[in-house]
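> pasting a predicted model and its sequence here:
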Amino acid sequence: MSRLGMLAPGPRDGPPLDPGLQAERTAMAWQRTALGVGGVGAVLLHEAGADLLAAIAGGLGLLFALALLLAVDARYDRTVRRIEANQSPASPGLVGAVSVAALVLALGAVLLVLRGAG
């Protein structure tokens, strides 16, 4: 029995599960994440003015969002192949990269707010 079959609550009368559906939803979630990171990066870059550090954080956010959008399709294909081969589809490297990008953007936003408040 496949790993996907073990996750099912009981016998199914319908067609077999499509391993690409969950991967597709995950890919769309990563696209939304990339758009959010890009949006925050664009706001930081726009509001940075003469603040070089905030501008760098915003620029890095935009670049990371672009890279993430480009990587989503390759990750989707790799994930479907791994599921079909009964392998783990996890991508801890991608999760770590998004965490670092979110931290950089958050620090840039805090820096922008603190410099604007003074």
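In hand now; what should we look at?
> quick check: next helix or strand after the helix or strand of the chain with the lowest mean pLDDT?
Ranking every helix and strand in the chain by mean pLDDT, DSSP states H and E puts helix 3-7 at the bottom, with a mean of 49. With elements assigned by DSSP states H and E, the helix or strand that comes after helix 3-7 is helix 19-48.
> pLDDT on the helix or strand that comes right after that following helix, on average?
Using DSSP H and E, the helix or strand that follows helix 19-48 in sequence is helix 52-84. For helix 52-84, mean pLDDT rounds to 86.
> quick check: angle from whichever helix or strand comes after helix 52-84 to helix 52-84?
Remark: after helix 52-84, the chain's next helix or strand is helix 92-117, criterion DSSP H and E. Using axes from the mean of the first three to the mean of the last three Cα atoms, to 10 degrees, the direction of helix 92-117 lies 160 degrees away from that of helix 52-84.
> per-residue confidence at the residue nearest to the spatial centre of the chain?
For the chain, the residue nearest the mean C-alpha position is residue 30 (3.7 Å; Cα atoms, centre = their mean). If you check residue 30, the pLDDT there is 86.
> and it, how far from residue 97?
11 Å (Cβ to Cβ, to the nearest Å). In this view, the C-beta of every residue, glycine as well, is placed from N, C-alpha and C.
> so what sits against both of the two?
residue 68 (Cβ atoms under 8 Å, 6 or more residues apart in numbering).
> how near is residue 61 to residue 115?
Residue 61 is 18 Å from residue 115, by Cβ to Cβ.
> kindly report the same for residue 25.
Taken as Cβ to Cβ, the span from residue 25 to residue 115 is 40 Å.
> quick one: which of the two has more around it?
residue 115 (14 against 10; other Cβ atoms under 10 Å).
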